[in-house]
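Asks: Give the three-dimensional model of this entry:
(one chain, ligands or ions: 1)
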Amino acid sequence: LNAGATQDYRGEGGELHQVAGGDVPQMTTQGGAPIGDDQNTLKVGPRGPTLIEDQAFREKIFHFDHERIPERVVHARGFGVHGVFETYESLSDITRADMFQRAGEQTEMFVRFSTVAGNKGSADLARDVRGFACRFYSKEGNWDLVGNNIPVFFIQDAIKFPDLIHAAKQEPDRGFPQAQTAHDNFWDFMSLTPEAMHMALWIMSDRTIPRSFRFMEGFGVHTFRMINAEGKSTYVKFHWKPKQGLQSVVWNEALKLNGADPDFHRRDLWDAIQMGDYPEWELGLQLFDDEFADRFDFDVLDATKIIPEEEVPIRVVGKMTLNRVVDNFFQETEQVAFQTGNIVPGIDFTNDPLLQGRNFSYLDTQLKRLGGPNFTHIPVNAPRTEVRHFQQDGHMSMRNPKGRANYEPNSWGGAAGGPREAPRGMYQSFPAEEAGQKRRIRSETFADHYSQARQFYLSQTQTEQQHIADAFAFELSKVETVAIRARIVSHLLNVDEDLAKTVAKSLRLKEMPAPAEAAMPTRMDLKTSPKLSIILN
Ligand code: HEM
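Replies: Residues are numbered from 1 along each chain as shown. Sure thing, here's the model as predicted:
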């Protein structure tokens, strides 16, 4: 219904022209010129040809033709909303991060939940890890905590990420299956990657079919550092605990929901926020120092490991409330560019080789995905603080340096000289001591791939253990190559014998394989040991 309808009319061909008037605004070109007819191109005579001088038409079609941008290489399907973080208590003894200095401090946030493997149009209830990406618009800049709903990851070193994702997404010759763990390539890669076994148990658990985004936990996964004003470093693992509780669906429900409403998760979050039922999560920290870290029999830089909560209890330090949907999905949810590299003074990296690789990857991919170096000018990516630097120009620049100075040091005093560095030593990276040979060998402290997988499995209730066994059986039953099924069972034998037997029985394996070689094979072992032959016959 058009409020300005009094002047609406039908054209010569019967087409409806809705006319501006009253409070109905007039349509314009991108150049702001009024448009008199949006139903017909400019033609010679009643039946054409169309004239190329028709700028309004050309502009409309040109813009439509360029609407699509590349979807994210991973986490393409997601849903973003705004929120606020409230700090419960000052953490000044641990970090100098401004947002953690004052109890009651409120920090604006943008959060995007996602699946990993599915394409932008895939279904919400896929068995998959969920992305849990959080941006804090702090007074000292944007801090992005780009996490997942599972506390560990598939791989230990960033160089394996393209292989992992290639194996998980559609197979390149046939273009299917999409957003599915149920195929040969995925399980082939998993079976040849023992470090993935802890994650394998988590992804076959109910965690990967959450009831909705509102009922998931979130994790920063890597060990990070917090640095206080005296420069002291404390290791930290980040946790998000949903005040709504933790809930999943069962596989049967997931399959039905995917068919009945592939948008189930995004609709749930939209509806909850629109109804004022704002979901909340508390932020928890596990804090420990070098000495404590050295006591673990695994490496805290290994992203396939958790830090047991019995050893390092979680300290709850604040609350996130998601309270506003976006005005426009594309502008905000699609164009948001989270980066692990976006840290603020008081938060710093560790040498986790996965985190180090991520720090390169996000900036790189966003340069392409968002079409140039100025994507931080898009409002959802811009910090809420004033931005001052001498970077300039490039496609779509909205924010060039003002005045004459676009370099420094310079001789133009005061404000005319533009921004200058902070006082000496005030902001610096944590001066961690690093030394050693350059080499490509993985640290032997990363070699235990089964202990935590076993602990996770044993921590589950009997029903949950059954769900894990069922999930392995379902997913592996889609794998055509029997040797791959058997190889996964050989790993499960190192996790839990009963689980391995149950899965083998469901798959009707003719014989039980030997347990997989437990230690990480060295290059030499691979050459000499017939037991480690990994090429399928
Ligand atoms: C998205 C790379 C591991 C969480 C992405 C994107 C890339 C990427 C290229 C797309 C970003 C964009 O287009 O804006 C990598 C690499 C990894 C890695 C190279 C390992 C070496 C992880 C891990 C986590 C994670 C361990 C969780 C702790 C996410 C999330 C997103 C994402 C949540 C979606 C961000 C959004 O909602 O826009 N990753 N990733 N990634 N990654 Fe990673």
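
Asks: bridging residues for the closest residue to Lys243 other than its chain neighbours?
Replies: Nearest residue to Lys243, sequence neighbours excluded (CB to CB, 6 or more residues apart in numbering): Glu280, at 4.1 Å. For every residue, glycine as well, the C-beta is placed using N, CA and C. Assessed by DSSP bridges, Glu280 has beta-bridge partners Thr321.

Asks: wait, isn't Glu280 in contact with Asn323?
Replies: No - applying CB atoms under 8 Å, one finds Glu280 not in contact with Asn323, separated by 9.4 Å.

Asks: Kindly report the residues of the protein close to the ligand.
Replies: With CB under 6 Å from any ligand atom as the criterion, the chain meets the ligand at residues 72-75, 78, 112, 114, 131, 133, 146-148, 153, 158, 161, 221, 303, 336-338, 354, 357-358, 361-362, 365-366, 369.

Asks: Quick one, which of those are buried?
Replies: Neighbour counting with 16 or more other CB atoms under 10 Å marks 72, 74-75, 78, 112, 114, 131, 133, 146-148, 153, 158, 161, 221, 303, 336-338, 354, 357-358, 361-362, 365-366, 369 as buried within the residues of the chain next to the ligand.

Asks: mind listing which of these are in strands?
Replies: When these are checked against strands (DSSP state E), the matches are 78, 112, 114, 131, 133, 146-148.

Asks: List the neighbouring strands of the strand or helix carrying Gly83 plus their orientation.
Replies: Gly83 belongs to strand 78-87 when assigned by DSSP states H and E. Strand pairing for strand 78-87, determined by DSSP bridges: strand 106-115 (antiparallel), strand 315-325 (antiparallel).

Asks: Just give me the residue right at the centre of this protein.
Replies: The centroid of the chain falls nearest to Gly131 when counting by CA atoms, centre = their mean (4.0 Å).

Asks: Let's verify Ala483: helix, strand, or coil?
Replies: helix (DSSP: H, G, I helix; E, B strand; the rest coil).

Asks: Distance of it relative to Ser506?
Replies: 17 Å (CB to CB, to the nearest Å).

Asks: Please say which of these two ends up with more neighbours.
Replies: Counted by other CB atoms under 10 Å, Ala483 and Ser506 do not tie: Ser506 has more neighbours, with 15 against 12.

Asks: how about the more buried one, what does it touch?
Replies: Applying CB atoms under 8 Å, 6 or more residues apart in numbering, we find Ser506 in contact with 469-470, 472-473, 477.

Asks: For the ligand, state which of those is nearest.
Replies: Distance to the ligand across the contacts of Ser506 (CB to the nearest ligand atom) is lowest for Phe472, with 22.5 Å.

Asks: and the nearest residue to Ser191 once chain neighbours are set aside, what element?
Replies: For Ser191, ignoring the flanking residues on the chain, the nearest one in space by CB to CB, 6+ apart is Arg487 at 3.7 Å. Secondary-structure element containing Arg487, defined by DSSP H and E: helix 482-495.

Asks: May I have that helix exported as PDB, CA atoms only?
Replies: The C-alpha trace of helix 482-495 is given here as PDB (Å, rounded to 0.1, in the frame of the first residue of the first chain):
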ATOM      1  CA  VAL A 482      36.100 -48.800   4.100                       C
ATOM      2  CA  ALA A 483      39.800 -48.200   4.900                       C
ATOM      3  CA  ILE A 484      39.100 -44.700   6.000                       C
ATOM      4  CA  ARG A 485      36.300 -45.900   8.400                       C
ATOM      5  CA  ALA A 486      38.700 -48.500   9.800                       C
ATOM      6  CA  ARG A 487      41.400 -45.800  10.300                       C
ATOM      7  CA  ILE A 488      39.100 -43.700  12.400                       C
ATOM      8  CA  VAL A 489      38.200 -46.700  14.500                       C
ATOM      9  CA  SER A 490      41.900 -47.300  15.000                       C
ATOM     10  CA  HIS A 491      42.200 -43.900  16.500                       C
ATOM     11  CA  LEU A 492      39.100 -44.400  18.600                       C
ATOM     12  CA  LEU A 493      40.800 -47.500  20.100                       C
ATOM     13  CA  ASN A 494      43.300 -45.000  21.600                       C
ATOM     14  CA  VAL A 495      40.500 -43.000  23.000                       C
END
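
Asks: List the buried residues in that helix.
Replies: Neighbour-count burial for helix 482-495 [16+ other CB under 10 Å]: 484-495.

Asks: Of all the residues in whatever helix or strand comes next after that helix, which ones are buried?
Replies: Per DSSP H and E, helix 482-495 leads on to helix 497-506 as the next helix or strand towards the C-terminus. The neighbour-count check on helix 497-506 (16+ other CB under 10 Å) flags 499-504 as buried.

Asks: pLDDT averaged over helix 497-506 - what is it?
Replies: The pLDDT scores in helix 497-506 average 98.

Asks: How about the contacts made by the closest residue to Phe100 other than its chain neighbours?
Replies: Excluding its sequence neighbours, the residue lying closest to Phe100 (CB to CB, 6+ apart) is Leu91, at 4.0 Å. By CB under 8 Å, 6+ apart, the contact set of Leu91 is 97, 100-101, 226, 317.

Asks: so how many other residues sit close to the closest residue to Ile343 other than its chain neighbours?
Replies: Distances taken as CB to CB, 6+ apart place Trp143 nearest to Ile343, at 5.9 Å, with adjacent residues excluded. The tally of other residues near Trp143 (other CB under 10 Å) stands at 22.
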